[in-house]
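A.B. asks: Structure, please.
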Amino acid sequence: MSLKITLKPHERMILAGAAITNGSSTANLTIENNVPILRKKDILKDEDATSPGRRIYFVIQLMYLDQENRVSYQGRYWELIRDIVQAAPSLKPVINEINEHVIGGRYYAALKAGKKLIKDEEAILSRGEKSIKG
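C.D. replies: Predicted structure coming up:
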């Protein structure tokens, strides 16, 4: 089954490890095989991984996009998971969801759950319940 993507003018994405920027007009793409794809809105830059939840998202992003080096990212992933669960046990349900996706090799689904983690983490920080910065 193919995936149809419409890129807005100047929209960026990563397709199978290649950074792509659309030109000045809308482009319609059909991706006919299974490759990692992230649109700009889903890409987190290294310098923006400024909280535990964002660092987890970033490592999952690396596992998703860089399949050849995936194993090298997994140790860091589990360290980050351990640290965030110790600091904020209330995040355990979303962490468990992310872990299930990672263990099952469903990295895009893990990224979607990672967005929930970031949102939940921000809510905790805004309420001042417990500091999980680090």
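A.B. asks: Tell me which other helices or strands the helix of greatest length in the chain touches.
C.D. replies: What stands out as the longest helix in the chain, according to DSSP state H, is helix 107-127. Secondary-structure packing of helix 107-127 (3 or more CB pairs under 8 Å, 6 or more residues apart in numbering; DSSP states H and E): helix 52-65, helix 92-103. All C-beta atoms are positioned from the backbone trio N, CA, C, and that covers glycine.
A.B. asks: Output the first one as PDB, nothing but the C-alphas.
C.D. replies: Listed next in PDB are the C-alpha coordinates belonging to helix 52-65 (Å, rounded to 0.1, in the frame of the first residue of the first chain):
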ATOM      1  CA  PRO A  52      13.700  14.400  29.700                       C
ATOM      2  CA  GLY A  53      10.600  13.800  27.600                       C
ATOM      3  CA  ARG A  54      12.000  15.600  24.700                       C
ATOM      4  CA  ARG A  55      15.300  13.700  25.000                       C
ATOM      5  CA  ILE A  56      13.300  10.400  24.900                       C
ATOM      6  CA  TYR A  57      11.500  11.600  21.800                       C
ATOM      7  CA  PHE A  58      14.800  12.600  20.200                       C
ATOM      8  CA  VAL A  59      16.300   9.200  20.800                       C
ATOM      9  CA  ILE A  60      13.200   7.400  19.400                       C
ATOM     10  CA  GLN A  61      13.500   9.700  16.400                       C
ATOM     11  CA  LEU A  62      17.100   8.500  15.900                       C
ATOM     12  CA  MET A  63      16.100   4.900  16.200                       C
ATOM     13  CA  TYR A  64      13.300   5.400  13.600                       C
ATOM     14  CA  LEU A  65      15.400   7.300  11.100                       C
END
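A.B. asks: Can you tell me what sits against that helix?
C.D. replies: Contact partners of helix 52-65, identified using CB atoms under 8 Å, 6 or more residues apart in numbering, comprise 14, 17, 36, 38, 43-44, 46, 48-49, 69-70, 73-74, 76-77, 80-81, 83-84, 87, 91, 98, 102, 107-108, 110-111, 114-115, 117-118, 120-122, 132-134.
A.B. asks: Out of those residues, which end up buried?
C.D. replies: 14, 36, 38, 43-44, 49, 73, 77, 80-81, 84, 87, 91, 98, 102, 107, 110-111, 114, 117-118, 120-121, 132 (16 or more other CB atoms under 10 Å).
A.B. asks: That's all I had, so thanks and see you.
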